[in-house]
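S.K.: Got a predicted model here, sequence first, then my questions.
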Amino acid sequence: MENTKLTTPYFMINEDALLSNLEKARQLKALSGVKLVLALKCFSTWGVFDIMKPYLDGTTSSGPFEVKLGHETFGGETHAYSVGYSEDDVRQVADICDKMIFNSQSQLAAYRHLVDGKASIGLRLNPGVSYAGQDLANPARTFSRLGVQPEGIDADVMASIDGVMFHMNCENKDVDAFIGLLDAISNRFGHYLDALKWVSLGGGVFFTWPGYDIEKLAFALKAFAEKHQVQLYLEPGEAIITQTTDLVVTVVDIVENGMKTAIVDSATEAHRLDTLIYNEPASIGEADDNGEHEYVIGSCSCLAGDQFCVARFAQPLKIGQRLRILDSAGYTMVKLNWFNGLRMPTVYCQRSSGEIEKLNEFGYQDFKRSLSQWSIQ
Ligand SMILES: Cc1ncc(COP(=O)(O)O)c(C=O)c1O
């Protein structure tokens, strides 16, 4: 079907763009020996996992259902991690994960008996150093609850586990800054790492960014793995799906109050939540920085400040016109919600052949079911 006939709003995942990122992942693996597990918290659209499987080693998770989804739909290695497990969670995932990573020594002490003999056991350590643009996303922020603080590490506990996970990067495009963190970890925790089988360095390493020196990253990872004799893992999310997906919307109205606002049939609060949470404006495919016509690209939700961005265009926008909100795969489809009872975007994949495949579609019944399934009598 032609794109112009598809009803908006919709996400369009581009297979060629995805493959281009995945080829970089393959190169990194080949040069470094690192294993890559996809962070499902960032992207869980399992309809395209068949494209991704040949390039990655498995999945990692942040909650019990993600473990199940990774096990069922991706396969390979399934890493289970949660900031806080209930006993039920542990019982449910112990049989289907390969590695179980606890966030604290108290959780490890409480539940390791449920995992012993089933999965390899690890602990998240907080290295106390990080690379993150915003405090909200900084795992080493003041009073962080994420991972065991260095001064609280119990050497006996370390001697009883197989591996550790550090996650301390957020969209880090600077290979030297990453290598600095790697050195800090090696210096501070090296004596523990030498006795482990595996170390995960988490996500947030933006090795697919144009111009990123993958070779330099790979050699640093290889040297680290050799020095400490461990199998290294990275947990990429955004790096794998960056620049692969547009959220396509239609201008439904244009209003003016000091500035022109084009209201589109989507909302950041419902369909692209991180635009709002991190206050990071989106980019529009049709925009032209030198254009004369400036618009707020406004959401159709009721939230006063809900807008995608301010953008300039060569020609005035028209009602009925479509716009592509670029780079809309990461932390979007996993966070879709029904706020305001808006129409949920359909999800498509444009295959390398040009063919468009529908992966998901939502209707009124999905909305209704998400609110109640039974009414009181
Ligand atoms: C523990 C852990 N691993 C991996 C990731 C994925 O990070 P990214 O999508 O930035 O690569 C995150 C993101 O928050 C995380 O918390």
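M.R.: Yes, it's here. Numbers count the residues shown, from 1 in each chain.
S.K.: only C-alpha atoms for contact and neighbour calcs from this point on.
M.R.: Noted.
S.K.: pLDDT wise, what is D95 at?
M.R.: Note on D95: pLDDT of 97.
S.K.: what does T4 give?
M.R.: pLDDT, read off for T4, is 78.
S.K.: Can you verify it is assigned to a helix?
M.R.: Yes. Under DSSP: H, G, I helix; E, B strand; the rest coil, T4 falls within a helix.
S.K.: what sits up against stretch 118-128?
M.R.: Residues outside stretch 118-128 that contact it (CA atoms under 8 Å, 6 or more residues apart in numbering) are 94-95, 97-105, 108, 112, 115, 139-140, 146-150, 161-168, 185.
S.K.: try 7 Å
M.R.: 94-95, 97-104, 140, 146-150, 161-166, 185 (CA atoms under 7 Å, 6 or more residues apart in numbering).
S.K.: out of those, which are buried?
M.R.: With neighbours counted using 16 or more other CA atoms under 10 Å, those contain these buried positions: 94, 97-104, 140, 146-149, 161-166, 185.
S.K.: returning to what we had before: narrow the contacts of stretch 118-128 to those in strands?
M.R.: Mapping the contacts of stretch 118-128 onto strands (DSSP state E) picks out K99, M100, I101, F102, G163, V164, M165.
S.K.: how about those residues in JSON lines, adding distance to D154?
M.R.: As requested, those are exported to JSON lines (distance: CA to CA, whole Å):
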{"residue": "K99", "distance to D154": "20"}
{"residue": "M100", "distance to D154": "19"}
{"residue": "I101", "distance to D154": "16"}
{"residue": "F102", "distance to D154": "14"}
{"residue": "G163", "distance to D154": "14"}
{"residue": "V164", "distance to D154": "13"}
{"residue": "M165", "distance to D154": "16"}
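S.K.: Could you single out the nearest of these to the ligand?
M.R.: M165 (7.7 Å; CA to the nearest ligand atom).
S.K.: Nearest residue to the middle of the protein?
M.R.: C42 (2.0 Å; CA atoms, centre = their mean).
S.K.: For that residue, which non-adjacent residue is spatially closest?
M.R.: Distances taken as CA to CA, 6 or more residues apart in numbering place Y331 nearest to C42, at 4.6 Å, with adjacent residues excluded.
S.K.: okay, that neighbour: pLDDT?
M.R.: 97.
S.K.: thinking again about what came up before, and the residue nearest to the centre of the chain, that's in a strand?
M.R.: No. Read with three-state DSSP, C42 is coil and lies in no strand.
S.K.: quick one: the helices in this structure?
M.R.: 15-32, 49-52, 64-69, 87-94, 105-115, 155-159, 175-193, 214-228, 238-241, 268-271, 273-277, 364-371 (DSSP state H).
S.K.: Please tell me how far A195 sits from K227.
M.R.: If you measure A195 against K227 using CA to CA, to the nearest Å, the figure is 12 Å.
S.K.: what's the answer for K368, then?
M.R.: K368 is 55 Å from K227, by CA to CA.
S.K.: With K41 instead?
M.R.: Taking CA to CA, one finds K41 at 31 Å from K227.
S.K.: Output stretch 99-118 as CSV, nothing but the C-alphas.
M.R.: Output of stretch 99-118 as CSV, limited to C-alpha atoms (Å, rounded to 0.1, in the frame of the first residue of the first chain):
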residue,chain,number,x,y,z
LYS,A,99,21.2,-14.3,33.9
MET,A,100,19.5,-12.8,36.9
ILE,A,101,20.9,-9.4,38.0
PHE,A,102,19.8,-8.0,41.4
ASN,A,103,19.9,-4.3,42.1
SER,A,104,20.9,-4.6,45.7
GLN,A,105,22.6,-7.0,48.1
SER,A,106,19.4,-7.3,50.1
GLN,A,107,17.4,-8.5,47.1
LEU,A,108,20.2,-10.9,46.3
ALA,A,109,20.3,-12.3,49.8
ALA,A,110,16.5,-12.6,49.9
TYR,A,111,16.0,-14.4,46.6
ARG,A,112,19.2,-16.1,45.4
HIS,A,113,18.0,-19.5,46.7
LEU,A,114,15.2,-19.3,44.1
VAL,A,115,17.7,-18.8,41.3
ASP,A,116,20.7,-20.9,42.3
GLY,A,117,21.2,-23.7,39.8
LYS,A,118,18.8,-22.1,37.3
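S.K.: average pLDDT for that stretch?
M.R.: pLDDT averaged over stretch 99-118 gives 98.
S.K.: same check, this time on stretch 58-77
M.R.: 98.
S.K.: Ok, stretch 239-246 next?
M.R.: 98.
S.K.: Can you pull out the low-pLDDT segments for the stretch 251-377 of the chain?
M.R.: Scanning the stretch 251-377 of the chain for pLDDT under 70 picks out nothing.
S.K.: Let me see the ranges of the strands in it.
M.R.: Per DSSP state E, counting those that start in this stretch, the stretch 251-377 of the chain carries strands over the ranges 260-264, 293-298, 307-313, 322-325, 346-350, 356-360.
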